[in-house]
Structures are given as structure tokens and as C-alpha cells.
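Chemist: Predicted structure and sequence below. I'll ask about it afterward.
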Amino acid sequence: MKLRVTKLIIFAAALIPLGRLAWKGFHDGLGANPIEVITHSTGDWTLILILTTLSITPLRRLTRQYWLIGIRRMVGLFAFFYAFLHFLTYIWLDKFFDLHEMLKDIAKRKFITVGFTAFVLLIPLAATSTAWAIRRLGGKNWQRLHRLIYATAILGVIHYLWLVKADKRKPLEYGAILSVLLLYRVVVWAMEKRTQGRTPVAAPSPAEMTKA
Ligand code: HEM
């Protein structure tokens with residue numbers, strides 16, 4: 001019951017950025033450069049949701065709130081949803097589906113190449129988020145594949161760092177949060193190695209992973 005209500009609240013909250021954009025869009029509130037506003041908002045929310053997804057496991061372990069695993073998949077899928085909107089804004093509103101122009105851009109502008117790679121890496125994660133995919137792959141393989149989220153997060157931060165010209169504070173803040181999350185993983189991994197065979201750290205079972 002608690003999980004269901006929490007998921008409903010998170011679902012509604014995750015739609016707020018899109019709702020705000022739609023509201024502004026229909027009320028002339030997107031300013032002189034609406035494409036820029038949409039690109040920035042969807043890009044920001046993609047990164048925020050990727051970092052949120054990555055922080056769920058540490059939070060779950062540190063607070064012993066094990067039910068948190070039940071919301072990870074939903075948050076991850078929302079990260080993909082905003083990444084897709086971000087990409088769609090680029091290919092549709094910015095480039096008008098001009099494939100030649102897009103390929104040129106992807107090859108020429110470093111930050112686009114990196115952003116595009118980050119997006120491509122998210123696709124297999126979203127595609128294998130179902131209970132069926134987890135069963136087919138097996139828990140271990142599924143977990144191995146889903147480590148791609150770290151690569152996506154790193155590339156997402158680099159994408160942001162490379163695209164801003166002057167004030168790098170915001171991408172650096174995201175980078176700092178990501179560094180803490182990565183450091184946490186390294187520490188847990190090192191501790192698990194040391195205590196291997198004695199007290200393994202509880203990892204979510206495939207059954208737990210499909211709860212969301
Ligand atoms: C997981 C994938 C991605 C993440 C996390 C991401 C994240 C971001 C972020 C945080 C921003 C800056 C937002 C701001 O200024 O507040 C941004 C801007 C942008 N992104 Fe992405 N992005 C991703 C993928 C892509 C892809 C696939 C493309 C296009 C092929 C793309 C094109 C752009 C463009 C054109 C901008 C605006 C650049 C400018 O203002 O000059 N991004 N992105």
C-alpha cells in the first residue's frame with residue numbers, strides 16, 4: 001500500500017517538468033527561444049533522474065529502507081522518457097528530421113557525439129526493464145548490463161560540461177554528485193571483496209527488481 005501510494009506520487013511528480021513545459025508552451029511562456037528552453041529543461045531532467053536512479057541503491061542500504069528498490073525502475077524509465085523527449089526536440093524541432101544535418105552534427109560537435117552515445121546506451125536499459133527481460137537474461141547478466149547506467153551518467157555529465165561555454169558550475173555540481181555515487185560503489189565493491197565468503201552485502205533479488 002505504502003509503495004503503491006509512493007509510486008503514484010513519484011509518477012505524478014515526474015510529469016511536472018513536462019506539464020510545466022506544456023503549460024508554458026500553450027500560454028506563450030517559453031520566451032524568445034522555445035527550442036532552447038525545451039532542450040535545456042529536458043536535458044536537465046534527464047540528468048537529474050539518472051542521478052536519482054543511481055542514488056536509490058545507496059539510499060536503500062544506508063537507511064535500510066529496502067522498499068526503495070521498488071521505485072528504481074520507474075525513476076529509471078522516466079530518465080529514459082526525458083532523454084527521449086530531449087533527443088526528439090533535437091531531431092524534430094532543431095533539425096527537422098534532416099538526417100544528413102544530424103549525422104554531420106553528431107560527427108562534428110563533440111558534445112553532441114557524447115550526448116548521443118549516452119542516449120544510445122540508455123536504450124538497452126529501458127528495453128530490458130520488464131520482468132520478462134530480467135527472467136530471460138538472468139539476474140546476474142541483467143545487473144551486468146544495467147551497469148551501463150554509470151557510463152551514461154558519466155557521458156551525460158561530460159556532454160553538459162562540454163556544451164557550456166562560460167559558467168561550468170552546474171555541470172560540475174552534477175559531476176560532484178556523480179563522483180560521490182561512484183565512490184560509494186567502489187567502497188562497497190572493495191568491502192564485498194574483503195568480506196567475500198563471510199557476510200555478503202544484501203543485493204536485490206530478481207524478484208525484488210521486478211516490483212516497480
Ligand atoms: C542521456 C543523454 C543525455 C543527457 C543526460 C543530456 C543532458 C543535457 C543537459 C543537462 C543539457 C544542458 C541543460 C541546461 O543547459 O540546463 C543538455 C543540452 C543539450 N543537449 Fe543533451 N543530453 C543527452 C543527450 C543528448 C542527445 C542525444 C542530443 C542530440 C543528439 C543532445 C543535444 C543537446 C543540445 C543541442 C543541448 C543544448 C546545447 C546548447 O545550449 O548549446 N543531448 N543536454
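Modeler: Okay, I see it.

Chemist: Quickly find the element holding residue 5.
Modeler: Taking DSSP states H and E as the definition, residue 5 sits inside helix 2-14.

Chemist: Alpha carbons of that helix, in CSV - could you do that?
Modeler: What follows is helix 2-14, C-alpha atoms only, in CSV (Å, rounded to 0.1, in the frame of the first residue of the first chain):
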residue,chain,number,x,y,z
LYS,A,2,2.8,2.4,1.1
LEU,A,3,4.8,1.5,-2.1
ARG,A,4,1.8,1.9,-4.3
VAL,A,5,1.0,5.4,-3.0
THR,A,6,4.7,6.4,-3.1
LYS,A,7,4.9,5.2,-6.7
LEU,A,8,1.8,7.2,-7.6
ILE,A,9,3.2,10.4,-6.1
ILE,A,10,6.6,9.8,-7.9
PHE,A,11,4.7,9.2,-11.2
ALA,A,12,2.8,12.5,-10.8
ALA,A,13,5.9,14.4,-9.7
ALA,A,14,8.0,13.1,-12.6
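
Chemist: distance between the very next helix or strand once past that helix and the chain's centre?
Modeler: Scanning forward in sequence from helix 2-14 by DSSP H and E, the next helix or strand is helix 16-26. In terms of CA atoms, centre = their mean, to the nearest Å, the centre of helix 16-26 is found 20 Å from the chain centre.

Chemist: Stretch 153-172 now?
Modeler: Between the centre of stretch 153-172 and the centre of its chain there are 15 Å (CA atoms, centre = their mean).

Chemist: swap in stretch 107-126?
Modeler: That offset, for stretch 107-126, works out to 12 Å (CA atoms, centre = their mean).

Chemist: any idea of the mean pLDDT for the helix or strand containing residue 186?
Modeler: Assigned by DSSP H and E, residue 186 belongs to helix 169-194. For helix 169-194, the mean pLDDT works out to 95.

Chemist: What of stretch 91-102?
Modeler: Mean pLDDT, stretch 91-102: 95.

Chemist: Mind listing what's buried along that stretch?
Modeler: 94, 102 (16 or more other CB atoms under 10 Å). Where C-beta positions appear, they are placed from N, C-alpha and C, glycine not excepted.

Chemist: Could you do stretch 125-137 as well?
Modeler: 125-126, 128-129, 134, 137.

Chemist: So which bits of this protein are right by the ligand?
Modeler: 39-40, 43-44, 46-47, 83, 86-87, 90, 112, 115-116, 118-119, 122, 152, 156, 159-160, 163 (CB under 6 Å from any ligand atom).
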